[in-house]
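J.: Compute the structure for the input listed below.
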Amino acid sequence: QVRFVESGGGLVQPGGSLRLSCAAPRAITSVFNPLSVAWFRQAPGGQRELVAGINPVSSTTYADSVKGRFTISRDNSRKRVLLQMNSLKPEDTGLYYCNSVTNGNFQRPSDVWGQGTQVTVSP
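T.: As a prediction, the model looks like this:
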């Protein structure tokens, strides 16, 4: 099974910043560039939700709750997707995952998930 590898999470105070990185698994590096990829998060006791997505030509979409604070980008040469998170709030706390999506539909992620990276925003 093919899983992305997430990193960059941590504990940060409100108002702080983090940059998450998502590396494409080796098995799909040859097909990474045409993929749409998204970041998702799951808060404790909550459901997994879309945070931000990016398509092969770097058009982006964001959840309303993160617009203006988060920026998603991709580095096709390194086969990775980044999520720059600024002005973090306690409600941004959660386990962050990245995944490819089916046919460019950010509401249809792949069924296989990585381990995620934990983001905790707390004083």
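J.: List the buried residues in stretch 41-57.
T.: By 16 or more other Cβ atoms under 10 Å, the buried positions in stretch 41-57 come out as 41, 48, 50-55. No exception for glycine: its C-beta is placed from N, CA and C like everyone else's.
J.: The helix or strand where residue 71 lies packs against which elements?
T.: For residue 71, the element it lies in under DSSP states H and E is strand 70-75. Strand 70-75 sits against strand 37-42, strand 48-54, strand 60-62, strand 80-85, with contacts defined as 3 or more Cβ pairs under 8 Å, 6 or more residues apart in numbering; DSSP states H and E.
J.: Would you confirm that residue 120 contacts residue 93?
T.: Yes - contact criterion Cβ atoms under 8 Å: residue 120 and residue 93 qualify, at 5.2 Å.
J.: And stretch 97-106, what's buried?
T.: Of all the residues in stretch 97-106, those buried under the rule 16+ other Cβ under 10 Å are 97-101, 106.
J.: Poorly predicted segments of this structure, please.
T.: Low-confidence segments of the chain (pLDDT under 70): 1-2.
J.: ok, and the closest non-adjacent residue to residue 120?
T.: Spatial nearest neighbour of residue 120, chain neighbours left out: residue 11 (4.7 Å); criterion: Cβ to Cβ, 6 or more residues apart in numbering.
J.: What residues does the most centrally placed residue in the chain make contact with?
T.: For the chain, the residue sitting closest to the mean C-alpha position, by Cα atoms, centre = their mean, is residue 39 at 2.3 Å. Neighbouring residues of residue 39 by Cβ atoms under 8 Å, 6 or more residues apart in numbering: 20, 22, 50-53, 72, 81, 83, 96-98.
J.: at 10 Å instead, please
T.: Contact analysis of residue 39 by Cβ atoms under 10 Å, 6 or more residues apart in numbering lists 4, 6, 20, 22, 50-54, 62-63, 66, 70, 72, 81-83, 85, 96-99, 106.
J.: Who's the closest spatial neighbour of it, skipping the chain neighbours?
T.: residue 51 (4.5 Å).
J.: Wait, the one you found touches residue 81, no?
T.: No - between residue 51 and residue 81 there is no contact under Cβ atoms under 10 Å: 11.5 Å.
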